[in-house]
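**Student:** got a predicted model here, sequence first, then my questions.
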Amino acid sequence: MKETIIRRLTYGTNVTFAVILAFVLVILINALAAKYPRRYDSIQNQDLYKLSEKTLNVLKELQEPVEFYVFGNPQNSELYPKVKRLIDQYCNASSKVTCLLADDYILRDPGKVQKIRTQFNVTDWDTVVVKVGEESKELKESDLGEFKFEHNYYDYGQKKKLVLFKAEQALTSAILELQNPEQKNVFFTVNHGERSINSKEDRNYSAIKDYLERDRVNCLPLELFRISDMTETNCDLLVVAGPTREFLEEETEVLKRYLMQGGRALILLDPNSDCESIPKLLRSCNINVGDDVTVDPSTRIAGTGWFDLVIPEYASHEITKNLESLSIFYMARSVSEINHENPDYIVTPFLETTVDGWGETKYHGTSYHYDPNADVSGPVCIGAAVENRRTNLRLVVIGDADFADNFYAERPLANRDIFLNACNWAMQREYLVSIGPKTIQEIRSLKLNRKQISLIRTLVIVLVPALALSLGLVVYVRRRQ
């Protein structure tokens, strides 16, 4: 009897201790989850709700509270639940961020919703109002995502489908715009065949202009022959985007003084150009731009030509440190350091081919082979950053201007990010790295043939129950023995 009581007490104590331990573990796990929240979208090949480095840096630097007012119908919107989950990440990342969801009050307090809608003059659903201090900005559906319309075979109408999720880009840009009233001025040189920032044609830069303006940047054309010195322009960054004609001597002198006095510039040079003054000017900054076209057979994508250069990985630099997607360049020329021992102009490559790439000097043919006596051996640099810490010069040189045009800028590549990051690095805004839109991946249905369906039916209906019955029978026999 005594042994039975002791045994029961022992079992009871063990069970009680196990239950208490389980409760403690659950509490600890929930406490850790609340303090270090992590989410992962198993359906997507990229996490739609993971905040970028740019957003996290912006949230760290917040000086004023940020309020999000989200207006949407969770029953009829594909965009709304995604925006809601993303904003939860903003709130988790900073205690200064709060969110009010209008649908939470539609039934309980519709008057409050109407009051807020009237306050911010909101007329449409799937709208987010971002408020920083006393300033606010409204983001509409088109700012938060891109849609395509498909034929609906049920009612013969149009079905709207979300294809690109741009909410993080829009929300973070709105915060920057509202907390930084001062804008930067980026000037693009004109009159030498450069890419236009106003034309929507594929080879021009209107898309890049739109992305820069979201980060509080004024994009303006600059006619160099009208000024005698860059100090007249209040320029924060000068962009020379693919000139095809020569600069006047007076214009080149203006550029030279600007660079020598510690200017900030982004220079993009295509091969086979009649503009020789800019490559000559860059030599004074310890940069040589080659008369060649870079090829790399080891990274070529099927169906592309010899001069479609793919860069899948990047050298270590502020411009490229957070890039994960590959980038594509068309007819890119080599960019190299002239003197490694130059103490003033420090050159750092950030775009390079593999060791199998080379700079082809005879690029007017149809097939190409590496010639050690004439060509540039790999790895070949096509993009480099130059810094002079004595004068505060920051210069980025890339041997291609096509990579950031309208054709490439809206594609799911790293091309646009490279351009925007280069601009931000040159303007000493390293905490700003661009945020690309995230592609919505469809949930693929599982298609099975008749054999596979029959096999699954047999497995689920016959084999699994039979296995359970067999195990039960074995246990019963063993206990009876």
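**Tutor:** It's in.

**Student:** can you map out the helices along the protein?
**Tutor:** Remark: helices assigned in the chain by DSSP state H are 2-35, 53-60, 79-93, 110-120, 141-144, 167-179, 206-214, 249-260, 277-283, 406-409, 415-426, 450-458, 464-480.

**Student:** and Val130, which of the ones you listed is closest to it?
**Tutor:** With CB to CB as the measure, helix 167-179 is the member of those nearest Val130 (4.1 Å). Yep, even glycine has a C-beta here, placed from its N, CA and C like the rest.

**Student:** that closest one vs helix 79-93, what angle?
**Tutor:** Inter-element angle recorded for helix 167-179 and helix 79-93: 60 degrees (by axes from the mean of the first three to the mean of the last three CA atoms, to 10 degrees).

**Student:** let me see the mean pLDDT of helix 167-179.
**Tutor:** Across helix 167-179, pLDDT averages out at 83.

**Student:** and if you look at stretch 241-251?
**Tutor:** 94.

**Student:** other residues contacting it?
**Tutor:** Here stretch 241-251 makes contact (CB atoms under 8 Å, 6 or more residues apart in numbering) with 188-189, 191-195, 205, 224-225, 255, 268-270, 273-278, 401-402, 404.

**Student:** also stretch 333-349?
**Tutor:** Contacts of stretch 333-349 (CB under 8 Å, 6+ apart): 269-271, 283, 285-294, 315, 317, 359, 376, 380-390, 393, 397-400.

**Student:** and the buried ones among these, selectable in PyMOL?
**Tutor:** Remark: buried members of the contacts of stretch 333-349, expressed as a PyMOL selection using 16 or more other CB atoms under 10 Å:
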select buried, resi 269+270+271+285+286+287+288+289+290+292+293+294+315+317+359+376+380+381+382+383+384+385+386+387+388+393+397+398+399+400
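
**Student:** picking up where we left off before, what's the closest of the helices of the chain to Tyr370?
**Tutor:** Going by CB to CB, the one of the helices of the chain nearest Tyr370 is helix 277-283, 23.2 Å.

**Student:** and the closest one, what's buried?
**Tutor:** For helix 277-283, using 16+ other CB under 10 Å, the buried residues are 277-279, 281-282.

**Student:** other residues contacting that helix?
**Tutor:** 240, 243, 246-247, 249, 252, 255-256, 259, 267, 269, 288-289, 338, 397.

**Student:** repeat that for stretch 123-143.
**Tutor:** Here stretch 123-143 makes contact (CB under 8 Å, 6+ apart) with 64-73, 77, 79-80, 83, 87, 117, 120-122, 144, 166-167, 170-171, 174-175, 177-179.

**Student:** CA atoms only: put stretch 110-118 into CSV for me.
**Tutor:** Output of stretch 110-118 as CSV, limited to C-alpha atoms (Å, rounded to 0.1, in the frame of the first residue of the first chain):
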residue,chain,number,x,y,z
PRO,A,110,-18.6,54.1,-38.5
GLY,A,111,-18.7,57.7,-37.5
LYS,A,112,-15.0,57.6,-36.5
VAL,A,113,-14.2,56.2,-39.9
GLN,A,114,-16.1,58.9,-41.7
LYS,A,115,-14.5,61.5,-39.6
ILE,A,116,-11.0,60.3,-40.5
ARG,A,117,-11.9,60.0,-44.2
THR,A,118,-13.2,63.6,-44.1
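
**Student:** how about that stretch: buried residues?
**Tutor:** For stretch 110-118, the neighbour count (16+ other CB under 10 Å) marks 113, 116-117 as buried.

**Student:** for Ser52, state which of the residues you listed is nearest.
**Tutor:** Using CB to CB, the buried residues of stretch 110-118 come closest to Ser52 at Ile116, 28.7 Å.

**Student:** are any of the contacts of helix 277-283 buried, and if so which?
**Tutor:** Buried among those by 16+ other CB under 10 Å: 240, 243, 246-247, 252, 255-256, 259, 267, 269, 288-289, 397.

**Student:** make a markdown table from those and add distance to Glu232 to it.
**Tutor:** Compiled in a markdown table, these are given as follows (distance: CB to CB, whole Å):
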| residue | distance to Glu232 |
| --- | --- |
| Val240 | 18 |
| Pro243 | 21 |
| Glu246 | 23 |
| Phe247 | 18 |
| Thr252 | 17 |
| Leu255 | 14 |
| Lys256 | 16 |
| Leu259 | 16 |
| Ile267 | 20 |
| Leu269 | 25 |
| Asn288 | 31 |
| Val289 | 28 |
| Val397 | 25 |
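
**Student:** closest to Ile29 out of these?
**Tutor:** Val397 (51.7 Å).

**Student:** may I have the beta-bridge partners of the closest one?
**Tutor:** Counting by DSSP bridges, Val397 is bridged to Ile267, Ala384.

**Student:** repeat that for Lys438.
**Tutor:** So, taking DSSP bridges as the rule, Lys438 has Phe165 as bridge partners.

**Student:** is it true that it touches Phe165?
**Tutor:** Yes - Lys438 lies in contact with Phe165 (CB atoms under 8 Å); the separation is 4.7 Å.

**Student:** more neighbours: which of these two?
**Tutor:** The neighbour comparison of Lys438 against Phe165 (other CB atoms under 10 Å) goes to Lys438, with 25 against 22.

**Student:** for that one, give its distance to Thr172.
**Tutor:** 13 Å (CB to CB, to the nearest Å).

**Student:** can you list the domain ranges for this protein.
**Tutor:** 1-36, 53-173, 184-426 (automatic domain parsing).

**Student:** tell me the most buried of the ones you listed?
**Tutor:** Comparing the domains of the chain on average neighbours per residue, with mean count of other CB atoms under 10 Å, the densest one is domain 184-426 at a mean of 19.
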